[in-house]
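S.K.: below: sequence and its predicted model.
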Amino acid sequence: MNENWLKKIDWLILPLIGAMVCIGLWHAVAGKKTYVLKTPASGLEEMHAGLVQALPNGEEVWKKVKPLVAEGKTEQVKSFANGTKIWEAVEPFVEEKRVGLIAALPNVGEAWQSSKPYIAEPFAKRGELDQGILRFTWLSLILVAKGYTLALLIGTPIGFFLGLSKSFTKMTDPIIQVLRPVSPLAWLPLGMVLFLGAGKNASELAALFTIAICAMWPTVLNTAVGVRAIPQDYLNVAKVLKLSRWKTLTKVMIPATLPYMFTGFRLSLGIAWLVIVAAEMLTGRPGVGGFLWQEYNALIYEHIILCILTIGIVGFALDRLMSVVERRFKTA
Amino acid sequence: MAFLELKNVSKSFGTSTVLKDINLSIEKGEFVAIVGFSGAGKTTLINIIAGLIKPDSGTATLNDLEITEPGPDRGIVFQNYSLLPWLTVYENIFLAVDQVNPNWTKAKKQEHVEKHIAMVNLTPARDKFPKELSGGMRQRVSVARGLSIDPQILLLDEPLSALDALTRATLQDEISRIREETHKTVVLITNDPDEGIYLADRIIPLTAGPGATLGPSFTVDIPHPRDRKAINHYESFKKLRRDVVEFMLNSKHDRHHSITRKLVLPDIEPEDLSVPRTMTSWRKIPRRRSEVKEETVEVDL
């Protein structure tokens, strides 16, 4: 009974444990702010030599007292005169210091404190690169949507041609295989060059170009595989009924390929979301990626973590969404 | 000239000849069953009639017109149903009706589709997808689709071979009934002689492949409608079945297979144990046949 109950909610407990362990590890290696009490110690070490170690000699006393007198800190001079030890007269100061295995890495608390305003007011706009996190996400999503649509519009027909024609496959396969592994970081500069003439829109067009060309390959390849996998029986039905080419395409081939196409669409969306961050970093466009890069340059490391988590969660949500759509189109 | 005529049709795939010298003539309104072993080329034959594949030599004509491509004048019921899984029963049949009769009014098309769904007793399943139907129901949809385009000839390519015995019997009865109602010319491909004899007016065995050809035509002179139980006691049924099966089996036995295989003997000479081993002979064991340069044979004369 008890075990049953545990088994029932282990879908919740186990991931929670995993997340806790991960956060714990992060926290363990992260740096902490500490305050160290310091005195301008350089001279003090020397003072400790002598018969009566604690007693400063005259020269030293004068060295310490002179600036105090000059600054008019007569109180302290007085207290010194009254028999207080000399080093108490020298004001200790507090120094902020980060300690920890990776001192620069912000810890959980810091990350949360620093990110709170961005999460609490997700749609605030304080400046071009200082906006609420959801506002940034929205900007990124719009760009992704545009680039992704472009990728699908270009990729699906290419995939269909690849699936239908052996000669076209042979012709374009080397090109595809060569272009496919090229990183978005490599495409972006080319995009910039291509759209040099566009002026103000150059960065957006370059980003769209990069997203489209990087994200379209899974769609192209999956559609091609899907078209090749259309059962001969379905095509025979079309032949026997003498369906026109257009009707064969819309009534038989596209529906038969849809499951494959949607697998491609899903993978493409994942890549599009990966590329957006790189594109925004390089172009400095406002968005999650741009924000991340900006905050790195501004030494606000807490926001890097906020951005990473946001990118991850949005990517996950997009993938889930696509898998739901994909399932809807699964036939047979 | 007959309604459907095949003359000296041959077809090979690669190096293997599937069909050789097929001659077939079918009159209008006839129900002909072609029985053959699986793998004999039955499906190839029906695909040639359907126009899905072209014969290497010989001609196939329907109504004196050479068959060069598939068309809706020949309705086919495929062995694996071939229903489009993203369309419902209604939509699958509607696609066919809509394609063949584009000028009909929408109401007429709908009525026509409904009529054919009712003909195969599937009205309750009209809005179901193929995956929600049993094999028998799917095949009925396929039959309904084949009939709905009102073809001149209906080609049934092993329509029942994937079904269990009971469903098969039910569907046989239904095909028989529908045939009585529509008087269509039907070519049934099957691997079950009983099924052929029960349904058809004429049954033609296909010899075992490769290079299968059609045997003599056996006329089934049992009047329609036939009774499944009574038919087993007909003398003519028994004789027919015996003849058909005998012919098919003989065609299989007739084939003499000769296989040439290159035998390679081990390149080693047996050791003569009667000869005592010496230090020098050790090194020469085992002895290779190819190393033996000369041989002495004693012959008693």
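M.R.: Yep, it's here. Numbers count the residues shown, from 1 in each chain, chains lettered A, B, ... in the order given.
S.K.: quick check: buried residues in whichever strand or helix holds A:Arg327?
M.R.: Element membership of A:Arg327 [criterion: DSSP states H and E] is helix A:301-328. Neighbour counts over helix A:301-328 (16 or more other C-beta atoms under 10 Å in any protein chain shown) mark A:301-307, A:310-311, A:314-315, A:318, A:322, A:326 as buried. Placement of C-beta: from N, CA and C, glycine included.
S.K.: which of those lies closest to A:Lys200?
M.R.: For the buried residues of helix A:301-328, the residue nearest A:Lys200 by C-beta to C-beta is A:Cys307; the value is 25.4 Å.
S.K.: distance of the closest one from A:Ile133?
M.R.: A:Cys307 sits 8 Å away from A:Ile133 when distances are taken as C-beta to C-beta, to the nearest Å.
S.K.: report the distance from stretch B:164-174 to the chain centre.
M.R.: 18 Å (C-alpha atoms, centre = their mean, to the nearest Å).
S.K.: CA atoms of that stretch as CSV?
M.R.: Only the C-alpha atoms of stretch B:164-174 are listed here, as CSV (Å, rounded to 0.1, in the frame of the first residue of the first chain):
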residue,chain,number,x,y,z
ASP,B,164,-9.5,-16.2,-40.8
ALA,B,165,-11.6,-19.1,-42.1
LEU,B,166,-14.9,-17.9,-40.7
THR,B,167,-14.6,-14.3,-41.9
ARG,B,168,-13.4,-15.7,-45.2
ALA,B,169,-16.5,-17.9,-45.6
THR,B,170,-18.8,-14.9,-44.8
LEU,B,171,-17.0,-12.7,-47.3
GLN,B,172,-17.2,-15.4,-49.9
ASP,B,173,-20.9,-15.5,-49.5
GLU,B,174,-21.0,-11.8,-49.8
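S.K.: quick one: contacts of it?
M.R.: Under the criterion C-beta atoms under 8 Å, 6 or more residues apart in numbering or on different chains, residues B:120-121, B:134-136, B:139-140, B:143, B:159-160, B:163, B:195, B:198-199, B:228 lie in contact with stretch B:164-174.
S.K.: returning to what we had before: name the helices or strands packed onto the helix holding A:Arg327?
M.R.: Counting contacts by 3 or more C-beta pairs under 8 Å, 6 or more residues apart in numbering or on different chains; DSSP states H and E, helix A:301-328 is packed against helix A:108-120, helix A:133-164, helix A:254-283, helix A:288-297.
S.K.: which of those sits closest to chain B?
M.R.: Chain B sits nearest to helix A:254-283 of all those, at 4.4 Å, using C-beta to the nearest C-beta.
S.K.: in that closest one, which residues are buried?
M.R.: Buried-residue list, helix A:254-283, by 16+ other C-beta under 10 Å: A:254-283.
S.K.: rewinding a little: for the helices and strands packed on helix A:301-328, give me CSV that also has mean pLDDT and distance to chain B.
M.R.: Listed next are the helices and strands packed on helix A:301-328 as CSV, based on pLDDT from 0 to 100; distance: least, C-beta to the nearest C-beta, whole Å:
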stretch, mean pLDDT, distance to chain B
helix A:108-120, 82, 44
helix A:133-164, 92, 17
helix A:254-283, 90, 4
helix A:288-297, 87, 38
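S.K.: who wins for proximity to B:Val9 among those?
M.R.: For the helices and strands packed on helix A:301-328, the distance to B:Val9 is smallest for helix A:133-164, at 30.5 Å, taking C-beta to C-beta.
S.K.: skipping adjacent residues, who's closest to residue 150 in space?
M.R.: This is for chain A. Spatial nearest neighbour of A:Leu150, chain neighbours left out: A:Ala212 (4.0 Å); criterion: C-beta to C-beta, 6 or more residues apart in numbering or on different chains.
S.K.: let me rephrase: I mean chain B.
M.R.: Nearest residue to B:Asp150, sequence neighbours excluded (C-beta to C-beta, 6+ apart): B:Val100, at 7.4 Å.
S.K.: how's chain A carved up into domains?
M.R.: Domain ranges of chain A: A:40-82, A:112-331, per automatic domain parsing.
S.K.: can you list those domains in a markdown table and add distance to B:Tyr81?
M.R.: Converted to a markdown table, the domains of chain A look like this (distance: least, C-beta to C-beta, whole Å):
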| stretch | distance to B:Tyr81 |
| --- | --- |
| domain A:40-82 | 91 |
| domain A:112-331 | 8 |
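S.K.: from the ones you listed, which stretch is densest packed?
M.R.: Comparing the domains of chain A by mean neighbour count (mean count of other C-beta atoms under 10 Å in any protein chain shown), domain A:112-331 ranks first with a mean of 18.
S.K.: about what we covered before: residues near the residue nearest to B:Asp150, how many?
M.R.: B:Val100 has 20 neighbours, counted by other C-beta atoms under 10 Å in any protein chain shown.
S.K.: now do B:Arg283, the pLDDT please.
M.R.: Turning to B:Arg283, the model gives it a pLDDT of 64.
S.K.: now B:Arg277
M.R.: Looking at B:Arg277, its pLDDT is 71.
S.K.: in which helix or strand would I find it?
M.R.: Assessed by DSSP H and E, B:Arg277 sits outside every helix and strand.
S.K.: need the residue closest to the centroid of the chain.
M.R.: No chain specified, so I'll use chain A. A:Ile308 (3.3 Å; C-alpha atoms, centre = their mean).
S.K.: meant chain B, my bad for not saying
M.R.: Geometric middle of chain B (C-alpha atoms, centre = their mean) lands on B:Lys42, at 2.9 Å.
S.K.: and it, its phi and psi?
M.R.: phi -60, psi -40 (degrees, to the nearest 10).
S.K.: check contacts around residue 154.
M.R.: In the absence of a named chain, this looks at chain A. A:212, A:216.
S.K.: nope, chain B
M.R.: B:74-77, B:146-147, B:184-187.
S.K.: just the element for it, please.
M.R.: strand B:153-157.
S.K.: the residue nearest to the centre of chain A reaches A:Glu295, doesn't it?
M.R.: No. A:Ile308 is beyond contact range of A:Glu295, at 11.1 Å (criterion: C-beta atoms under 8 Å).
S.K.: can you report how many residues neighbour B:Phe129?
M.R.: Using other C-beta under 10 Å, B:Phe129 has 18 other residues around it.
S.K.: from A:Gln294, how far out is the residue nearest to the centre of chain B?
M.R.: Relative to A:Gln294, B:Lys42 is positioned 72 Å away (C-beta to C-beta).
S.K.: and A:Leu318, by the same measure?
M.R.: Distance, A:Leu318 to A:Gln294, using C-beta to C-beta: 23 Å.
S.K.: quick one: the strands in the stretch 101-250 of chain B?
M.R.: Using DSSP state E, counting those that start in this stretch, the strands assigned to the stretch 101-250 of chain B run over residues B:153-157, B:185-190, B:202-206, B:218-219.
S.K.: surely A:Gly31 is in contact with A:Ala104?
M.R.: Yes. Between A:Gly31 and A:Ala104 a contact is recorded at 5.9 Å, counting by C-beta under 8 Å.
S.K.: joint contacts of the two?
M.R.: With C-beta under 8 Å, 6+ apart, A:Gly31 and A:Ala104 have common neighbours A:Arg98.
S.K.: of these two, which one has the most company?
M.R.: A:Gly31 (18 against 10).
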